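Enquirer: What follows is a predicted structure for the sequence shown.
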Amino acid sequence: MSSWVESANQADCDFPLENLPYGVFRHGEHTAIGVAIGDQVLDLRACAQELLAEIRQDTLAACSQESLNALMGLGPSAWSMIRSRVMALLDKDCADLDTQARVKPLLIPMNDVEMQIPAHIGDYTDFYASIHHATRVGKLFRPDNPLLPNYKYVPIGYHGRASSIVVSGHDIRRPSGQTKPASVAEPVFGPSHSLDYELEVGIFVGPGNTLGQSIPIDQAEQHIFGLCLVNDWSARDIQSWEYQPLGPFLAKNFATTISPWIIPMEALAPYRVSLPARPVGDPAPLPYLVNDDLIHAGIDITLAVYLQSERMCHNGIAPVRVSKGNLRDLYWSPAQLLAHHASGGCNLRPGDLLATGTISGPEEGSEGCMLEMKHRRELLRLPTGETRMFLEDGDQVTFRGYCERPSLPRIGFGECTGRIIPSSVANQFQR
């Protein structure tokens, strides 16, 4: 397929005609839902009013909102209807010259818009779905028993903080909290010295379920609107002191960054794969987590982390890739995470965000966070000669994700970026 929007046809474009992700943008005083196509944003509100008048009234109204919640709540049939109509408007072979002339004024260059949080996120849950991440981190603290007995039976997760979710490009202030350095007898309060990133994928909930009802595993994907990139920033020194017995708190709630574009599940369909076979001796998932279509439970999404220090930026040195992993390496699938979340009757609502937890692969170089790199027993070295065990002020972290196969288009996620700025709290102990 090709679009009459020429930038969408370039080989390295994240947003070809087959992608058409949703986001929310601001242009001057105007805020609306947009669809990415090449290096342009299609104003969906204006498009719906001008060119999509024949669609259902509830769908038309949802397209005219300033967030995606209403559209998320309508379900797969409405999503497919909008997607097919927008695709036809932008397809070189479907849209005649008159249609192209009517659509062109509704396109805005991406460089001219300010992307917003795409939905009102009422609740945010973070999982721990990568066994490679869980094993590496577990070995740091329990070398002989890295995984706790429940890991292979139940998708582990915790409820995060929705109010501190920010969109890509927002600066991240170094958090403060209690830590217990080995050199002192009592805990102290001050800025974190072990600030880390976590490479994750976000799952935006669609229609959801009513309180007290569950979502069967074979219906779970009907409640997934789409995916984005997530950086669940973590203060490891605060985390190691506070997490027992109830888990993460201040170490995680200060900021979570998401990419602005939500990739529809239909765009990801050609890249579905089976999850890795469970090793011999691992228990089978309990029946409520077993789907008949396990061969398509995973998604082949390449995920990469790039780092640029402040010195690199000043010297004109481009960000360097520090790791690369893939969503297909998860132990638990997105559908399993959603079905488990709702299995006890918890009501998921349109716009709720679930995150996979740190995504890591089995090989060196696929670590999804800096904490995992400790197993290499060497510091991360940057082109300027600087080294990193954890993030320093001025460091900028960028996540990129894409699906790519021979004879298929590249489906990109755009970027998820954040730069560390100094703490607003004076340091109360020496490094």
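Expert: That came in fine, so what should we check first? Given the structure is predicted, the values throughout are model-derived calculations rather than measurements.
Enquirer: what ranges do the strands span in the stretch 251-400 of the chain?
Expert: Along the stretch 251-400 of the chain, counting by DSSP state E, counting those that start in this stretch, strands occupy 256-258, 263-264, 272-273, 298-299, 302-308, 320-326, 353-355, 380-381, 387-388, 396-403.
Enquirer: Any chance of a markdown table for those strands, columns distance to residue 8?
Expert: (C-beta placed from N, C-alpha, C; glycine too.) A markdown table is the format used below for those (distance: least, CB to CB, whole Å):
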| stretch | distance to residue 8 |
| --- | --- |
| strand 256-258 | 23 |
| strand 263-264 | 15 |
| strand 272-273 | 23 |
| strand 298-299 | 22 |
| strand 302-308 | 20 |
| strand 320-326 | 25 |
| strand 353-355 | 28 |
| strand 380-381 | 36 |
| strand 387-388 | 37 |
| strand 396-403 | 15 |
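Enquirer: and residue 125, which of these is closest to it?
Expert: Closest approach to residue 125 among these (CB to CB): strand 353-355, 5.0 Å.
Enquirer: on that earlier part again, of the strands of the stretch 251-400 of the chain, give the one that comes closest to residue 368.
Expert: Residue 368 lies closest to strand 320-326 among the strands of the stretch 251-400 of the chain, at 5.7 Å (CB to CB).
Enquirer: Which neighbouring elements make contact with that closest one?
Expert: Secondary-structure packing of strand 320-326 (3 or more CB pairs under 8 Å, 6 or more residues apart in numbering; DSSP states H and E): strand 302-308.
Enquirer: Against residue 255, how distant is residue 117?
Expert: Distance, residue 117 to residue 255, using CB to CB, to the nearest Å: 13 Å.
Enquirer: so what's residue 124 bridging to?
Expert: On the basis of DSSP bridges, residue 124 is bridged to residue 353.
Enquirer: what's the burial count for it?
Expert: Other residues near residue 124 come to 22 when the count uses other CB atoms under 10 Å.
Enquirer: Please state the backbone phi and psi of the nearest residue to residue 92 once chain neighbours are set aside?
Expert: Closest residue in space to residue 92, ignoring its immediate chain neighbours: residue 4 at 4.5 Å, by CB to CB, 6 or more residues apart in numbering. Backbone geometry at residue 4, expressed as degrees, to the nearest 10, gives phi -80, psi -10.
Enquirer: just checking, residue 4 touches residue 89?
Expert: No. Between residue 4 and residue 89 there is no contact under CB atoms under 8 Å: 9.6 Å.
Enquirer: can you list residues touching both of these two?
Expert: Listed contacts common to residue 4 and residue 89 are residue 95; contacts here mean CB atoms under 8 Å, 6 or more residues apart in numbering.
Enquirer: For the stretch 201-350 of the chain, which segments count as helices?
Expert: All helices of the stretch 201-350 of the chain, identified by DSSP state H, counting those that start in this stretch, fall at 236-242, 265-268, 310-314, 334-342.
Enquirer: about what we covered before: for burial, what's the neighbour tally of the residue nearest to residue 92?
Expert: 20.
Enquirer: and the gap between it and residue 87?
Expert: Distance from residue 4 to residue 87, by CB to CB: 12 Å.
Enquirer: ok so, going back, can you put the strands of the stretch 251-400 of the chain in JSON lines and add mean pLDDT, mean neighbour count and distance to residue 216?
Expert: As requested, those are exported to JSON lines (pLDDT from 0 to 100; neighbours: other CB atoms under 10 Å; distance: least, CB to CB, whole Å):
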{"stretch": "strand 256-258", "mean pLDDT": "98", "mean neighbour count": "26", "distance to residue 216": "28"}
{"stretch": "strand 263-264", "mean pLDDT": "98", "mean neighbour count": "26", "distance to residue 216": "22"}
{"stretch": "strand 272-273", "mean pLDDT": "96", "mean neighbour count": "16", "distance to residue 216": "19"}
{"stretch": "strand 298-299", "mean pLDDT": "96", "mean neighbour count": "22", "distance to residue 216": "19"}
{"stretch": "strand 302-308", "mean pLDDT": "98", "mean neighbour count": "20", "distance to residue 216": "29"}
{"stretch": "strand 320-326", "mean pLDDT": "97", "mean neighbour count": "19", "distance to residue 216": "28"}
{"stretch": "strand 353-355", "mean pLDDT": "98", "mean neighbour count": "26", "distance to residue 216": "17"}
{"stretch": "strand 380-381", "mean pLDDT": "94", "mean neighbour count": "14", "distance to residue 216": "44"}
{"stretch": "strand 387-388", "mean pLDDT": "96", "mean neighbour count": "14", "distance to residue 216": "45"}
{"stretch": "strand 396-403", "mean pLDDT": "98", "mean neighbour count": "22", "distance to residue 216": "27"}
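Enquirer: and the angle for the longest strand along the chain with strand 396-403?
Expert: For the chain, the strand with the greatest residue count under DSSP state E is strand 411-421. Comparing the axes of strand 411-421 and strand 396-403 via axes from the mean of the first three to the mean of the last three CA atoms, to 10 degrees yields an angle of 170 degrees.
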